[in-house]
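1. quick one, structure for this:
(2 chains)
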Amino acid sequence: MSAYDKLVFELSSPGRIGFSLPESDVPGRPLADVLPKKFLRGAAPALPEVSEFDVVRHYSRLSRMNYGVDTHFYPLGSCTMKYNPKINEDMARVPGFARLHPLTRPEDAQGALQLMHELAQMLAEIAGMDAVSLQPAAGAQGEFAGVLMIRAYHASRSEKRTKVLIPDSAHGTNPASTAIAGYEVVEVKSLPNGEVDLEALAREVGPDVAAFMITVPNTLGMFEPRIMEITEICHAKGVQVYMDGANLNAILGITRPGDLGFDVCHFNLHKTFTTPHGGGGPGAGPVGIKAHLEPFLPTPVVVKNGDAYALDDKRPKSIGKLQAFWGNFGMLVRAYTYIRTMGADGLRSVSDNAVLNANYIMKRLEADYDVSVPGPCMHECVLSARRQKKQGVTATDIAKRLLDLGFYAPSTYFPLIVEEALMIEPTETESKETLDAFCDAMIQIAREAQENPAIATAAPVTTPVRRLDQTRAAREPNLTWSPKR
Amino acid sequence: MANVPGDLKYTREHEWAKREGDRVRVGITHFAQEQLGDVVFVELPKVGAKVTAHQAFGVVESVKAVSDLFAPISGEVLEINAELPQKPETVNKDPYGKGWMIVVKPSNAGELDQLLTSQQYEEFVAQGAH
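-> Alright, predicted model coming up:
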């Protein structure tokens, strides 16, 4: 595939237009008469002047360079890049949903509110929580909302708690959301197998700690065997326990965060619940809570009064609004569709198969790569390329070589506690044939590393662009396009 | 395991500390920069700031990860390496020399004795510490 690297601006030809509007049949008025001067531009914006055909061809060519779960196996660990069923798209395009104006009066949007109310109830049941807010626009905003509710809860009890504990294996969003919510982040070291160090935790929990935030299963793909003790240790000291739900795909119908003692957990609808991920659409990060945190839910809350649904804004203890309008509603339709089409048994089999697939990959690759923790794993496995690094081939090189062999790369260098980490999450939607082809490629790369490391260090050679200079991109970022004057 | 100068003291978070009279110079180790990969951003405290042993005093970001910088010793920041924010690659090129980060006036010089010796640090790294 040859690289197509034009910007639509570069296709511009002065005076070219894509559509002819009829003459206006109402008299025009100069903009300056209508808008205050300070809001007017000095010159017209340099928008591209292109025909409809130019636009279609430009974006069609760009789309062919797209690399996504609809084109390739995408084992990006911790991201749950599973197939997004097309029935979700069908439902999101039902005109009553797709064309609903966000300011439609609630009495005229009963169907949409019913869907939101039922989705929140279904998510609460899946996670063993008492209530769910659908507002957060992504996982990190779900974390932020959860931590704000914890803060409001402590404040309502006149408790001054200033710290949040987070293991060193955590996703980077955990300390970030927590710091933005005004807390000091204290890192808790994990045991070598990635489990929470209970002694270290017991030392750190105290009257100044607001919350302990962990991912279950953890980022090494392991379930915390002593999770009940962990939540008990925290609760004994008045510490709230937050579960990062990024890895929920491993435990659907098997166990529930609420039953494990968690007070808060968020859901990544774009991971576990098959809404598009990455460039395919906005995220959605609903957050679930136990009853004691309910007064603090973000507003508005969709409530049901008799047979009617309404948006409740009158909640004096609420942490407030998280974004304009009511959440990424199109994503809520897709997740609702997914849950209703799968059913309870279907969701349980999702996790069974996600775990089976990850273990299959780990087993097939354990002879050629170091395994970070002896298995079995949950829904993802973390390998280390430390053996290959000694041969001159790093985790990055392996990731690039995989692109040449027709696969997206696993997450690399995460979790941070594993040297040369390769974090592989196949998800439940891949066939054995695809898993085998991927494992064959990984084994081929391991052999190449022994025989001719240059193959991997020169990769990729088949992609539209070769290896990008990520260091220079970070040191000298050039993020804006300016018109040539 | 090469490149652990014998005249420095070390933390388990991979910072080094060098006594220079009544001042202590601080940076990150060769092992640390190697693990981080290409450093793209360094955030240092202001001159005059107070740092506390074992607590974060700054941030180093590489193409792979963002990490806190931990102070080997408590005290006041006398100097910072003002070149680093513009030339973060210096940390990779010369971690023990031009890639230094801050100079601290210790509030308790005794803390220096609690740090790892070069031999202890080498053993620590060899055990597969991260």
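2. report all helices and strands that the strand or helix carrying A:A211 contacts.
-> Per DSSP states H and E, A:A211 falls inside strand A:209-215. Contact here means 3 or more CB pairs under 8 Å, 6 or more residues apart in numbering or on different chains; DSSP states H and E; on that basis strand A:209-215 packs against helix A:139-156, strand A:163-167, helix A:173-180, helix A:227-236, strand A:240-244. Where C-beta positions appear, they are placed from N, C-alpha and C, glycine not excepted.
3. tell me the angle of the last one relative to strand A:163-167?
-> Taking axes from the mean of the first three to the mean of the last three CA atoms, to 10 degrees, one finds that strand A:240-244 is oriented at 40 degrees with respect to strand A:163-167.
4. what's in contact with strand A:240-244?
-> Under the contact criterion CB atoms under 8 Å, 6 or more residues apart in numbering or on different chains, strand A:240-244 has outside partners A:139, A:143, A:146-147, A:150, A:153-154, A:170-171, A:173-174, A:210-216, A:230-231, A:234-235, A:257, A:260-266.
5. right, and the helix or strand after the worst-scoring helix or strand of chain B on mean pLDDT?
-> Of all helical and strand segments in chain B, the minimum by mean pLDDT, DSSP states H and E falls on strand B:66-70, at a mean of 90. Sequence-wise, the next helix or strand downstream of strand B:66-70 (DSSP H and E) is strand B:75-80.
6. using PDB, write out the CA atom coordinates for that next one.
-> These are the backbone C-alpha positions of strand B:75-80, laid out as PDB (Å, rounded to 0.1, in the frame of the first residue of the first chain):
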ATOM      1  CA  GLY B  75      16.800  19.700  52.100                       C
ATOM      2  CA  GLU B  76      16.500  22.800  50.000                       C
ATOM      3  CA  VAL B  77      17.100  23.000  46.300                       C
ATOM      4  CA  LEU B  78      20.100  25.300  45.600                       C
ATOM      5  CA  GLU B  79      20.500  24.700  41.900                       C
ATOM      6  CA  ILE B  80      18.600  23.000  39.100                       C
END
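7. counting contacts, what elements does the helix or strand following it pack onto?
-> Note on strand B:75-80: by DSSP H and E, the next helix or strand toward the C-terminus is helix B:89-93. Applying 3+ CB pairs under 8 Å, 6+ apart, we find helix B:89-93 packed against strand B:39-43.
8. from chain B, how far off is the residue lying closest to A:E143 once chain neighbours are set aside?
-> Excluding the flanking residues, the one nearest A:E143 by CB to CB, 6 or more residues apart in numbering or on different chains is A:S177, at 3.8 Å. Here the criterion is CB to the nearest CB, to the nearest Å. By it, A:S177 lies 15 Å from chain B.
9. count the neighbours of A:S177 for me.
-> 28 (other CB atoms under 10 Å in any protein chain shown).
10. isn't it up against A:G139?
-> No: using CB atoms under 8 Å, A:S177 is not in contact with A:G139; the gap is 9.0 Å.
11. quick check: closest non-adjacent residue to the residue in the stretch 51-200 of chain A that chain B sits nearest to.
-> Nearest to chain B in the stretch 51-200 of chain A, going by CB to the nearest CB, is A:G172, at a distance of 7.0 Å. Closest residue to A:G172 apart from its sequence neighbours, by CB to CB, 6+ apart: B:V66 at 7.0 Å.
12. picking up where we left off before, elements contacting the least confident helix or strand of chain B?
-> Where contact means 3+ CB pairs under 8 Å, 6+ apart, strand B:66-70 is packed against strand B:56-62.
13. hang on, the earlier thing: quick check: neighbours of the strand holding A:A211 in the sheet, parallel or antiparallel?
-> strand A:163-167 (parallel), strand A:240-244 (parallel) (DSSP bridges).
14. could you check the angle helix A:227-236 makes with that strand?
-> Calculated by the same axes, to 10 degrees, strand A:209-215 forms an angle of 160 degrees with helix A:227-236.
15. list the contacts of strand A:209-215.
-> A:143, A:147, A:150-151, A:154, A:161-167, A:169-171, A:174, A:178, A:183, A:186, A:188, A:196, A:201, A:205, A:224, A:230, A:234, A:237, A:239-244, A:246-247.
16. can you list the buried residues in the helix or strand where A:V56 lies?
-> Using DSSP H and E, A:V56 falls within helix A:52-64. Of all the residues in helix A:52-64, those buried under the rule 16 or more other CB atoms under 10 Å in any protein chain shown are A:54, A:58.
17. ok, then the element right after that helix?
-> Trace forward from helix A:52-64 with DSSP H and E and the next one is helix A:86-92.
18. quick revisit: what's the local residue count around the residue of the stretch 51-200 of chain A closest to chain B?
-> Neighbour number of A:G172 under other CB under 10 Å is 12.
19. how about residue 31, nearest residue that isn't a chain neighbour?
-> In the absence of a named chain, chain A is used. A:L40 (6.2 Å).
20. look at chain B instead
-> B:V125 (5.4 Å).
21. quick check, the one you found in a helix?
-> Yes: using DSSP: H, G, I helix; E, B strand; the rest coil, the assignment for B:V125 is a helix.
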